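**Student:** one predicted model, sequence on top.
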Amino acid sequence: MRRRRTRQGGDSSARALDAIFRPRSVAVVGASRRQHAIGAEILRNLVAFGFQGAVYPVNPRASVVQSIRCHRNLAEVPGRLDLAIVVVPSRQVSRVLGQCARKGVRGVVTITAGFREIGPQGARLERRLAARLARHGMRMVGPNCMGVINTEEAVQLNATFASSVPARGNIGFVSQSGALGEAILAEAAQRGLGVAMFVSVGNKADVSGNDLLEYWEHNDDVQAILMYLESFGNPRRFTQIARRVTRRKPIITVKGGRTPAGARAASSHTGALVGGVDVATDSLLEQCGVLRVSTMSEMFVQAAALAQQPVPRGDRFAIVTNAGGPGILCTDACVALGLRPAELRPATRRSLARVLPPEASTANPVDMIASADAAAYRAVLERVKRDDGVDGLIAIFVSPIMTDAYEVARAIADAADRTKPVLSVFMGKRRSAEGIEELRRRRVPLYQFPEEAASGLSALVRYRQLRDAPAGRERRFTVRRSAARVAVASARRARRAWLSPDECRRLLVAYGFPLAPRREVSSAAEAISAAQELGYPVVLKVVSSKILHKSDVGGVRLDLRNADELGRSYREIVARLGRAEPRLRFEVQPMISGGHEVILGMARDVQFGPLLLFGLGGIHAETLRDVAVRLHPLTDVGARSMIERVRGYPLLLGARGERAACLPLIEECLLRLSQLVGDLADDLAELDLNPLIVTDRRARSFVVDARIALR
């Protein structure tokens, strides 16, 4: 049998998946004669879809299944066997894998459920399957899955029990949910989106989403990858692979579990800010260039554009319409998604005026009015597309009864010549079915509503931004790691989860953070003496490992300008807190004014590891929740991105006459934090530098408070 040669990734494990997706022969172990049984449906789909190899039903209690000779076991199957589809009870699957090994089968798809998803007993069964696969060098999709599809003409494999028949296309689908996989295939067929390959990975005992990304990386048949995921098996490996793949083709994902039932308890500001919110997944996907959407519908809307149109040079859009209302709605939606309306050049507008009636608008959106026919669409789209100030177009057609929708569809499709992205909103009447079919055949994204087209165009722009973003580099500073480890060891010996203020200072000084001068005191007289040495105004803070947020209990007094104010504040705090903790200690710091308060932090996610945080800080950090989060480690580009991402970034640049913050210092502190976290990864649980007060001068910018917790 002649096969198209498609280069796969260099990894041998990726090439091994050919036994699953490009088999020359397939056995259905558990093929059934009972109507609507899963084994019967899979066998029927294999034959009906036109599989280009041999199909062998295997069932010890049948001699013929669906008019095909049936074998009692795999040993009786003649000749070479590449792929086995396993549809037997869970307790029999291990025995079938043993038969596969003896037969030399290299690929397995286990449809059967009853493994990890049912509890510890099923998990033990699944581990035994994985061990047997590894021992014999076989690859398996599943268990507890719906199967696989490959629509290549030389293969035509539909090894699923799905009722929807996929059309040939260029999308690779991964679904962790079998039930959702059926819905994905049905929706793709309804929207006219073609499938190159589809995989329901199930429990991922062997083949994972990471394996599939590698397999599709260099496959020219797969131009866009869609993923429904409920968990990451290996987030770090996913990041490495996805970052590489998205340089070549887009990945869109719907990740389940966005809203956990409850946030984990956290003692630091950083822990509270990242706990219970799906920021880790958002950060991981953004860092590796993956587009995340909230709904399956949104996934299909964006996939239609990403799989069928070129990536635009920029974010300037133009709209061509025969109805004013949809044009306005589309403009509003585009702008809301961060796209910019193109300013059509004077020459373009003069050219449009020559082919449009006087009542029409030559500004963007170009409203051709209801009388516009196919010739008008053709002339206008060609002129707007030639404008150098336009990066992408949306053509809207709301058909009056007298206009031939099919001819308009042809005009739109002709304009979509892949020099710039062209998307369509098509609401035709006369010959509308033919028009829709023409647009789908010509690979023009087709939407029912203007907002959907805006989302599709936005996805193209967003993908370009993510794809082309530089990776940046990690920076290493000269630090005193041994001094930092001494500070950690001191807390360990005292069996404390939190470092003392002195230990925090020693650790941070070792890593080059700018710390505000301070004096620790235990009486009002000592506080006044320290203030005279440091210079008024000063800040008075209680020092206690039992008090996590000092401002919440009245343990901080700011802007104390003389000895009387300082002494009175000292006595008031002792009166308030001294009963609970008789041996209170305090620290005195200079009052840093005229700067911006920001927070830098680290928290540890169970699945993703250390997360780094930056945001507007001070006592309102948890109230404002204006933060950016990225996975460790951090590059210089990542650090700048975090700073620019927060909503308060314009304040840091200087607003309403205020002086700008020293942004290079913030970036440097983030990179020092990343190095610290990497060096002490086994020790740190949570960390806050809050606030870091940043003025316009590096020499007047300080970390004034810090909390560090050990694992």
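**Tutor:** On my side now, so go ahead. Please read all numbers here as calculations on a predicted model, not as lab measurements.
**Student:** run through the stretch 1-150 of the chain and note the low-pLDDT ranges.
**Tutor:** Scanning the stretch 1-150 of the chain with the threshold set as pLDDT under 70 gives 1-14.
**Student:** what segments of it are strands?
**Tutor:** Counting by DSSP state E, counting those that start in this stretch, the stretch 1-150 of the chain has strands at residues 25-29, 54-58, 64-65, 68-69, 83-86, 107-110, 139-141, 147-150.
**Student:** any chance of those strands in a markdown table, with mean neighbour count and distance to Arg475 too?
**Tutor:** The C-beta positions use only the backbone N, C-alpha and C, and glycine is treated the same way. Output for the strands of the stretch 1-150 of the chain, formatted as a markdown table (neighbours: other CB atoms under 10 Å; distance: least, CB to CB, whole Å):
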| stretch | mean neighbour count | distance to Arg475 |
| --- | --- | --- |
| strand 25-29 | 26 | 53 |
| strand 54-58 | 22 | 58 |
| strand 64-65 | 16 | 64 |
| strand 68-69 | 13 | 64 |
| strand 83-86 | 28 | 49 |
| strand 107-110 | 28 | 45 |
| strand 139-141 | 25 | 40 |
| strand 147-150 | 26 | 44 |
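**Student:** now those strands in a markdown table, with distance to Arg647?
**Tutor:** Formatted as a markdown table, the strands of the stretch 1-150 of the chain follow (distance: least, CB to CB, whole Å):
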| stretch | distance to Arg647 |
| --- | --- |
| strand 25-29 | 55 |
| strand 54-58 | 58 |
| strand 64-65 | 63 |
| strand 68-69 | 64 |
| strand 83-86 | 52 |
| strand 107-110 | 47 |
| strand 139-141 | 43 |
| strand 147-150 | 44 |
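**Student:** and of those strands, who's closest to Pro357?
**Tutor:** Closest approach to Pro357 among the strands of the stretch 1-150 of the chain is made by strand 147-150 (50.1 Å; CB to CB).
**Student:** show the average pLDDT along the helix or strand just after that closest one.
**Tutor:** Elements were assigned by DSSP states H and E; along the chain past strand 147-150, the next helix or strand is strand 157-160. Here strand 157-160 scores 97 as its mean pLDDT.
**Student:** leaving out sequence neighbours, find the closest residue to Ile592.
**Tutor:** Computed as CB to CB, 6 or more residues apart in numbering, the closest residue to Ile592 that is not its neighbour in sequence is Ile693, at 4.6 Å.
**Student:** out of the strands of the stretch 1-150 of the chain, which is closest to Leu577?
**Tutor:** Between Leu577 and the strands of the stretch 1-150 of the chain, the shortest gap by CB to CB is with strand 139-141, which sits at 61.3 Å.
**Student:** elements contacting the closest one?
**Tutor:** helix 18-21, strand 107-110, helix 120-136 (3 or more CB pairs under 8 Å, 6 or more residues apart in numbering; DSSP states H and E).
**Student:** if you set the cut-off to 6 Å instead, what comes out?
**Tutor:** strand 107-110 (3 or more CB pairs under 6 Å, 6 or more residues apart in numbering; DSSP states H and E).
**Student:** and the strand it packs on, which strands flank it?
**Tutor:** strand 83-86 (parallel), strand 139-141 (parallel) (DSSP bridges).
**Student:** can you list contacts of it?
**Tutor:** By CB atoms under 6 Å, 6 or more residues apart in numbering, the list of residues contacting strand 107-110 from outside reads 19-20, 82-86, 93, 100, 138-143, 147-148, 159.
**Student:** the residue positioned nearest the centre of the chain - nearest residue in space that isn't next to it in sequence?
**Tutor:** Nearest residue to the geometric centre of the chain (CA atoms, centre = their mean): Leu285, 2.7 Å. Using CB to CB, 6+ apart and skipping the chain neighbours, the partner closest in space to Leu285 is Arg292 (4.7 Å).
**Student:** now name the helix or strand holding that neighbour.
**Tutor:** strand 291-293.
**Student:** from the middle of its chain, how far away would that strand be?
**Tutor:** 6 Å (CA atoms, centre = their mean, to the nearest Å).
**Student:** for stretch 295-311, same thing?
**Tutor:** 15 Å.
**Student:** please shift the residue numbers so they start at 358 in all later answers.
**Tutor:** In the new count, where the first residue is 358, that last one comes out as stretch 652-668.
**Student:** let me see the mean pLDDT of it.
**Tutor:** According to the model, stretch 652-668 has a mean pLDDT of 95.
**Student:** circling back to that earlier point, after the strand holding Arg649 comes which helix or strand?
**Tutor:** Strand 648-650 is succeeded, C-terminally, by helix 653-665 (DSSP H and E).
**Student:** that following helix packs against which elements?
**Tutor:** Contacting helix 653-665 under the criterion 3+ CB pairs under 6 Å, 6+ apart are the following elements: strand 581-586, strand 608-612, helix 807-825.
**Student:** for the strands paired with strand 464-467, give me CSV that also has distance to Arg372.
**Tutor:** As requested, those are exported to CSV (distance: least, CB to CB, whole Å):
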stretch, distance to Arg372
strand 440-443, 15
strand 496-498, 10
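**Student:** nearest to Phe806, of those?
**Tutor:** Among those, strand 496-498 comes nearest to Phe806, with 36.5 Å by CB to CB.
**Student:** what does stretch 1000-1008 contact?
**Tutor:** Contact partners of stretch 1000-1008, identified using CB under 6 Å, 6+ apart, comprise 972-973, 983, 985, 1023.
**Student:** no, scratch that, I was asking about stretch 716-736
**Tutor:** With CB under 6 Å, 6+ apart, stretch 716-736 has contacts from 675-679, 681, 684, 688, 698-699, 701, 706, 709-710, 712-713, 757, 760, 764-765, 768.
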